[in-house]
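Novice: here are the coordinates; sequence isn't available:
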């Protein structure tokens with residue numbers, strides 16, 4: 001194997017342990033914060049790729065929720081607390097919520113059975129909205145989150161556009177096709193002899209905001225025209 005392409009922190013960590021040149025496409029959050037690399041400009045090891053997350057994204061996602069739900073006071077944050085990259089993303093989201101004057105209902109998960117406990121907590125203290133941090137655990141159980149949100153009429157925002165196509169309400173996310181295109185360009189450079197340690201981590205340049213109007217209608221929500229006008233994709 002000449003190069004490994006990964007998504008997610010656990011797989012990237014395993015790939016790094018092999019010493020084989022690795023290009024990460026998505027899912028490591030803050031690669032410096034989790035100790036994966038030394039710096040964005042000079043990663044310093046066998047891993048390079050795309051750093052797709054900044055704290056500003058958390059603030060923007062919560063701002064979009066607040067524009068939809070002006071009375072937003074409590075937001076439930078769902079994340080995989082066994083994944084250090086997702087825990088950092090949760091912390092960034094929590095700090096962003098505090099800056100916006102929003103109380104955080106922290107609902108850490110470790111396995112599929114934990115979703116029922118999270119739903120029970122939200123039934124006891126119903127949040128005004130949900131923000132789901134994206135990783136393998138949450139994506140594989142996303143339909144359960146969609147169903148809970150619809151049943152209890154809680155608006156939610158997600159970190160990947162395909163979740164909106166699957167039934168989620170809103171998402172603000174990096175453009176995945178761009179991430180893969182740029183990762184492919186990095187792989188090409190590695191195969192031509194470049195060392196990952198000297199290939200700067202890149203960041204997305206394109207982001208998409210998606211809204212599912214069918215889900216909004218089922219939740220009894222009217223999307224403000226100003227919010228609708230900002231959407232790159234509207235699913236009807």
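Specialist: Arrived safely, thanks for sending. As the structure is a computational prediction, the values presented were derived from the model and not from experiment.
Novice: Quick check, pLDDT for residue 56.
Specialist: Looking at residue 56, its pLDDT stands at 80.
Novice: Look at it and say how many residues are nearby.
Specialist: Neighbourhood size, residue 56 [other Cβ atoms under 10 Å]: 10. To be clear about C-beta, it is placed using only N, CA and C from the backbone, and glycine gets the same treatment.
Novice: isn't there a helix covering it?
Specialist: Yes: Residue 56: assigned to a helix according to DSSP: H, G, I helix; E, B strand; the rest coil.
Novice: if I look at it, how far off is residue 21?
Specialist: 30 Å (Cβ to Cβ, to the nearest Å).
Novice: Could you pull out the helices in the protein for me?
Specialist: Using DSSP state H, the helices of the chain run over 9-18, 55-68, 84-99, 114-124, 136-140, 142-152, 161-165, 176-191, 213-219, 225-230.
Novice: mind putting these in a markdown table, distance to residue 39 included?
Specialist: Shown next, in a markdown table, are those (distance: least, Cβ to Cβ, whole Å):
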| stretch | distance to residue 39 |
| --- | --- |
| helix 9-18 | 16 |
| helix 55-68 | 17 |
| helix 84-99 | 17 |
| helix 114-124 | 35 |
| helix 136-140 | 27 |
| helix 142-152 | 34 |
| helix 161-165 | 30 |
| helix 176-191 | 16 |
| helix 213-219 | 41 |
| helix 225-230 | 33 |
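Novice: Which of these sits closest to residue 47?
Specialist: Ranking these by proximity to residue 47 (Cβ to Cβ) places helix 9-18 first, at 5.2 Å.
Novice: Give me the residues contacting that closest one.
Specialist: 4, 6, 22, 24, 27-29, 34, 36, 45-47, 49, 83-86 (Cβ atoms under 8 Å, 6 or more residues apart in numbering).
Novice: Report the angle between that helix and helix 84-99.
Specialist: 140 degrees (axes from the mean of the first three to the mean of the last three Cα atoms, to 10 degrees).
Novice: How many residues are close by the nearest residue to residue 65 once chain neighbours are set aside?
Specialist: The shortest distance from residue 65 to any non-neighbouring residue, by Cβ to Cβ, 6 or more residues apart in numbering, is to residue 129 (4.7 Å). Residue 129 has 24 neighbours, counted by other Cβ under 10 Å.
Novice: go on, residue 113?
Specialist: Neighbours of residue 113 (other Cβ under 10 Å): 8.
Novice: got it, and the one 10 residues further on?
Specialist: For residue 123, the tally of surrounding residues (other Cβ under 10 Å) stands at 11.
Novice: List the contacts of the residue nearest to it when sequence neighbours are not counted.
Specialist: Once flanking residues are discounted, residue 123 sits nearest to residue 152: 7.3 Å by Cβ to Cβ, 6+ apart. Counting by Cβ under 8 Å, 6+ apart, residue 152 makes contact with 122-123, 126.
Novice: With residue 69 instead?
Specialist: Residue 69 neighbours (Cβ under 8 Å, 6+ apart): 128-129, 155.
Novice: Repeat that for residue 212.
Specialist: Counting by Cβ under 8 Å, 6+ apart, the residues that residue 212 touches are 164-165, 167-170, 235.
Novice: Can you tell me, leaving aside adjacent residues, what's nearest to it?
Specialist: The shortest distance from residue 212 to any non-neighbouring residue, by Cβ to Cβ, 6+ apart, is to residue 235 (4.4 Å).
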